[in-house]
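A.B. asks: Got a sequence here, can you model it:
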Amino acid sequence: MINIGDIHGANILIVDDQEENVQMLERTLRVAGYTGITSTRDPKAVCSLHAKNRYDLILLDLVMPTMDGFQVMETLKEIEKDSYLPVLVITAEPEHKLRALQAGAKDFLSKPLDLAEVLMRVYNMVEVRLLHVAMKRLYDQVLDEQKEQERLASALQEAMVRVTHDFDEPRGIVAKSSPMRQVVDLVRRVAKVDSTVLIFGESGSGKERIARLVHEESTRAAGPFIAVNCGALTETLLETELFGHTRGAFTGAIADRAGLFEAAHTGTLFLDEIGEVSPGMQVKLLRAIQEREIRRVGDTKNRKVDVRILAATNRDLAKAVVDGTFRQDLFYRVKVVDLRLPALRERREDILPLARVLLADAALRMKRKISGVAPEAADQLLRYNWPGNVRELENAMERAVAFALPSTTRVEFEDLPEEVRMAVAKPMATNGQALPLEEVEKEHILATLALNNGNQTLTAKHLQIGAATLYRKLKRYGVIGGETRPADAASTLPST
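C.D. replies: The predicted structure is shown next:
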């Protein structure tokens, strides 16, 4: 808001070749409380003065011997690029008033001057001018923020493209590691057929993203992708959500409603956490998948649906079949193709590239200029076992951006969550048992190699072993091939 102090402190220039007029206007304005008043009797000096001082108001006499007010306004327009000319003209000629307004003046005063009217017009014009300046400053700020948003979006896009191009991955999936590359390869093969796919993976490992990738790579990509978390709904709610209902089927059913099977027609329906479906609902789900038709709750007729089913679970469904909690026929119906998604701790080469992508996304959303991870923080990201998988890494990056100092451009060690900062590397086998010593060594060497972006010399230095020793180990792990050691000791490994 503009207050009286802002108005009285406005920068005002009086331009008149008559000294008595200048003195009268100066005295009137000062008595009214205005403090930022200057004057000139030379109209030719107005433009240079305004370019230097940016006046909030120019009281301009139109009739002057060396240069009239109209000529002054024309030259002022070259300075005020935003087209707002803070000019209040003074004239005794009625025909000059309209012409002055057309030339860009915002208002006029008639001679002989009424001092009360002078004060009123000056107050109003200064207030409008200050509001205009404030709005322009706000607009420029919004424009700057928009440009920063575009820069961050571009940085995120570049990060995604870099990951995609470097590792030949589909957009949005980081797959530098061998286990994840196998997943992507399998996805590309099964996407083109219409078979049902069961995706197994720990909570937070990215099962829905893989399901979306199957859909995006399939012939159904132009159709809808509908996802539902089966574990989040009761049996009754899940039935109406999947199959829909008719009007009057139950209390509150005031109109017919299509379910998700119908909504996903010609596309893909993703049943997340299918292992949580109740036995009664399993029977209905089996029929819908098998017969390719559904019946709305309260309806008497069946409806054909053309839907591809993708399902996901973090449970051992084979064991659930043995235990009698999951139907065997439904298990085999959804497990035409099974796809196991590795936990993040099993794909350590993906941790840093994935962290950078998630970091860029968080920085974009929070409007922060953070685009990198400090070496100490990166090392700690590799040490941690990520029980919450990709979702936990995403939360850690968001938390790091939120906690980072305003002046920083990268995530530091202290910005990481406490559980990550306190972690000590504990490589584990998939069955939860400790890995053999040789596997622990391999995990540590490959993690350090990833930290150093594949640079063998830096990795050997970090590990405090000889470059030749490192080369032999990498060759034994199958990371590099060939019969002779590269001549360049500082060579960087190609992306694998």
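A.B. asks: Name the spans of the stretch 101-250 of the chain whose pLDDT lies under the cut-off.
C.D. replies: Residue ranges of the stretch 101-250 of the chain with pLDDT under 70: 152-172.
A.B. asks: could you pull out the strands for it?
C.D. replies: Counting by DSSP state E, counting those that start in this stretch, one finds strands in the stretch 101-250 of the chain at the ranges 107-110, 197-200, 225-229, 244-245.
A.B. asks: ok, now which ones touch the nearest residue to residue 130 once chain neighbours are set aside?
C.D. replies: Nearest residue to residue 130, sequence neighbours excluded (C-beta to C-beta, 6 or more residues apart in numbering): residue 2, at 4.9 Å. Yep, even glycine has a C-beta here, placed from its N, CA and C like the rest. Residues in contact with residue 2 (C-beta atoms under 8 Å, 6 or more residues apart in numbering) are 127, 130, 131, 134.
A.B. asks: and the nearest residue to the last one once chain neighbours are set aside, how far is that from residue 281?
C.D. replies: Once flanking residues are discounted, residue 134 sits nearest to residue 2: 7.2 Å by C-beta to C-beta, 6+ apart. In this structure, residue 2 and residue 281 are 64 Å apart, going by C-beta to C-beta, to the nearest Å.
A.B. asks: Which helix or strand contains residue 390?
C.D. replies: Following DSSP states H and E, one finds residue 390 within helix 389-403.
A.B. asks: give me the low-pLDDT residue ranges for the stretch 351-496 of the chain?
C.D. replies: Where the stretch 351-496 of the chain drops to pLDDT under 70, the residues are 424-440, 451, 481-496.
A.B. asks: Let me see the ranges of the helices in it.
C.D. replies: With DSSP state H, counting those that start in this stretch as the criterion, the stretch 351-496 of the chain has helices at 351-366, 375-383, 389-403, 418-421, 437-451, 456-463, 467-477.
A.B. asks: what about residue 256, distance to residue 391?
C.D. replies: For residue 256, the distance to residue 391 - C-beta to C-beta - is 37 Å.
A.B. asks: er, residue 78 I mean
C.D. replies: As judged by C-beta to C-beta, residue 78 and residue 391 stand 58 Å apart.
A.B. asks: Turn the strands of the stretch 101-250 of the chain into JSON lines, including mean neighbour count.
C.D. replies: Below are those laid out as JSON lines (neighbours: other C-beta atoms under 10 Å):
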{"stretch": "strand 107-110", "mean neighbour count": "18"}
{"stretch": "strand 197-200", "mean neighbour count": "24"}
{"stretch": "strand 225-229", "mean neighbour count": "19"}
{"stretch": "strand 244-245", "mean neighbour count": "22"}
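A.B. asks: any idea how far residue 58 lies from residue 111?
C.D. replies: Distance from residue 58 to residue 111, counting by C-beta to C-beta: 17 Å.
A.B. asks: Looking at these two, which has the bigger crowd around it?
C.D. replies: The residue with more neighbours, out of residue 58 and residue 111, is residue 58; 25 against 13, by other C-beta atoms under 10 Å.
A.B. asks: quick one, which of the strands of the stretch 101-250 of the chain is nearest to residue 300?
C.D. replies: For residue 300, the closest of the strands of the stretch 101-250 of the chain is strand 244-245, at 12.7 Å, according to C-beta to C-beta.
A.B. asks: from the middle of its chain, how far away would the closest one be?
C.D. replies: 36 Å (C-alpha atoms, centre = their mean, to the nearest Å).
A.B. asks: Please list the residues outside that strand that contact it.
C.D. replies: Against strand 244-245 from outside (C-beta under 8 Å, 6+ apart): 253, 256, 257, 258, 259, 261, 262, 294, 296, 297, 298, 299.
A.B. asks: rerun at 7 Å
C.D. replies: Strand 244-245 is contacted from outside by 253, 257, 258, 259, 262, 296, 297, 298, using C-beta atoms under 7 Å, 6 or more residues apart in numbering.
A.B. asks: After it, which helix or strand is next? Please name it.
C.D. replies: Criterion used, DSSP H and E; the element after strand 244-245 is strand 257-258.
A.B. asks: Pairing partners for that next one, with directions?
C.D. replies: Within its sheet, strand 257-258 is paired with strand 244-245 (antiparallel), according to DSSP bridges.
A.B. asks: so which of the strands of the stretch 101-250 of the chain gets nearest residue 472?
C.D. replies: Nearest of those (C-beta to C-beta): strand 197-200, 36.6 Å.
A.B. asks: Kindly export that closest one (C-alpha atoms) in PDB.
C.D. replies: Listed next in PDB are the C-alpha coordinates belonging to strand 197-200 (Å, rounded to 0.1, in the frame of the first residue of the first chain):
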ATOM      1  CA  VAL A 197       2.000 -58.500 -16.100                       C
ATOM      2  CA  LEU A 198       2.600 -59.000 -12.400                       C
ATOM      3  CA  ILE A 199       5.200 -56.600 -11.000                       C
ATOM      4  CA  PHE A 200       6.800 -57.600  -7.800                       C
END
